[in-house]
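Asks: Pasting a predicted model and its sequence here:
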Amino acid sequence: MADYFEYRHTVGFEETNLVGNVYYVNYLSWQGRCREMFLKLRAPAVLAEIQDDLKLFTLKVDCEFFAEITAFDELSIRMRLADLAQTQLEFTFDYVKLDADGAETLVARGRQRVACMRGPNTATVPSLVPEALLTALEPYAHTAGPRLEQTA
């Protein structure tokens, strides 16, 4: 089993500029989409908590570029858990271009910090990372080893 959660994406024309390069904002959008698909496929119980009162606030995102990509490039966005605190998570994302001949090229790398909160919109408070999310993320932690433990 891979140590990352993979979301595959084909770049469309609407994601490029006049020169044919992908807009920066799309890399950030793909991070969000990868995270959403992870929840749908690996942590559906967390989706039920989101429908209740759990909120996953994105605190910080970044992306570093290594190579250009264009329309119809095939990508693998690979998410890993980089850090776990009591109420926050940090993910890394590798953007890998997949060529028809099987070659893979790392074209970008990103990070995303997320806080878990609960309560009504006017009075949200920090919340522990849900157990169902911890369990789902365990195979994707950067450091292999025993069960993830939340740190203060």
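Replies: Perfect, thanks for sending it.

Asks: any idea which residue sits dead centre in the chain?
Replies: With distances taken as CA atoms, centre = their mean, residue 35 lies nearest the centre of the chain, 3.9 Å away.

Asks: Quick check: which element contains that residue?
Replies: helix 24-42 (DSSP states H and E).

Asks: And the helix or strand that that helix is followed by, what's buried?
Replies: On the C-terminal side of helix 24-42, the nearest following helix or strand under DSSP H and E is helix 44-52. By neighbour count, with 16 or more other CB atoms under 10 Å as the criterion, the buried positions of helix 44-52 are 46, 49. Backbone N, C-alpha and C define where each C-beta goes, glycine included.

Asks: Can you spell out which helices and strands pack onto helix 44-52?
Replies: helix 24-42, helix 131-137 (3 or more CB pairs under 8 Å, 6 or more residues apart in numbering; DSSP states H and E).

Asks: and the angle for the longest one with helix 44-52?
Replies: Okay, so that is helix 24-42. Using axes from the mean of the first three to the mean of the last three CA atoms, to 10 degrees, the interaxial angle of helix 24-42 with respect to helix 44-52 works out to 110 degrees.

Asks: for helix 24-42, the distance to its chain's centre please.
Replies: On the basis of CA atoms, centre = their mean, to the nearest Å, the separation between the geometric centre of helix 24-42 and that of its chain is 5 Å.
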